[in-house]
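Novice: Quick one, structure for this:
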Amino acid sequence: MGELIGIRLRQLRKKLGYTQEFVGKNIGVSKQTLYKYEMGIITNIPSDKIEALAKLYGVQPEYIMGWDSSTPKPSPSYYVDPETAELADRLKNQPGMRMLFDASRKASPKDLEIAANLLKQLKGEE
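Specialist: Okay, the predicted model is just below:
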């Protein structure tokens with residue numbers, strides 16, 4: 001079972017283009033600990049870490065744990081406005097834009113677009 005969890009964690013991380021360091025920082029563990037989760041070395045992953053990983057990867061904890069073998073189901077949207085959720089989903093796969101996800105869940109699509117454009121300007125991309 002631990003190996004299945006590790007495989008799923010690794011696949012989800014790679015699918016989103018996240019590094020082990022990025023994921024570790026976001027869930028509060030070291031890069032080495034995340035590596036051990038992904039390799040099945042640590043099999044008793046704390047439930048708060050499973051929940052944090054599921055939220056970060058946009059899946060249900062049941063999928064990570066192997067209790068649900070179907071295609072991952074998205075977690076309920078963090079954003080209140082459906083348009084904002086859609087824009088955030090598009091932006092999350094763009095390198096350098098992930099910091100937008102610290103934005104308020106009540107942000108409007110226009111707020112996210114302004115923030116994205118500001119980040120691009122700061123990085124000299126516009």
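Novice: What is the neighbour count of I114?
Specialist: Other residues lying near I114 total 12 when counted by other C-beta atoms under 10 Å. C-beta here means a position set from N, CA and C on the backbone, and glycine is covered the same way.
Novice: residue contacts, it?
Specialist: Taking C-beta atoms under 8 Å, 6 or more residues apart in numbering, we find I114 in contact with no residue.
Novice: So it, which state does it fall into?
Specialist: helix (DSSP: H, G, I helix; E, B strand; the rest coil).
Novice: separation between it and S108?
Specialist: I114 is 9 Å from S108, where distance means C-beta to C-beta, to the nearest Å.
Novice: Show me how the record splits the chain into domains.
Specialist: Residue ranges for the domains of the chain, per automatic domain parsing: 2-65, 82-122.
Novice: Where among the ones you listed is average confidence lowest?
Specialist: When the domains of the chain are ranked by mean pLDDT, domain 82-122 comes last with a mean of 70.
Novice: Does the residue sitting nearest the centre point of the chain lie in a helix or a strand, and which?
Specialist: In the chain, the C-alpha nearest the mean C-alpha coordinate belongs to L56, at 2.5 Å (C-alpha atoms, centre = their mean). According to DSSP states H and E, L56 maps onto helix 47-57.
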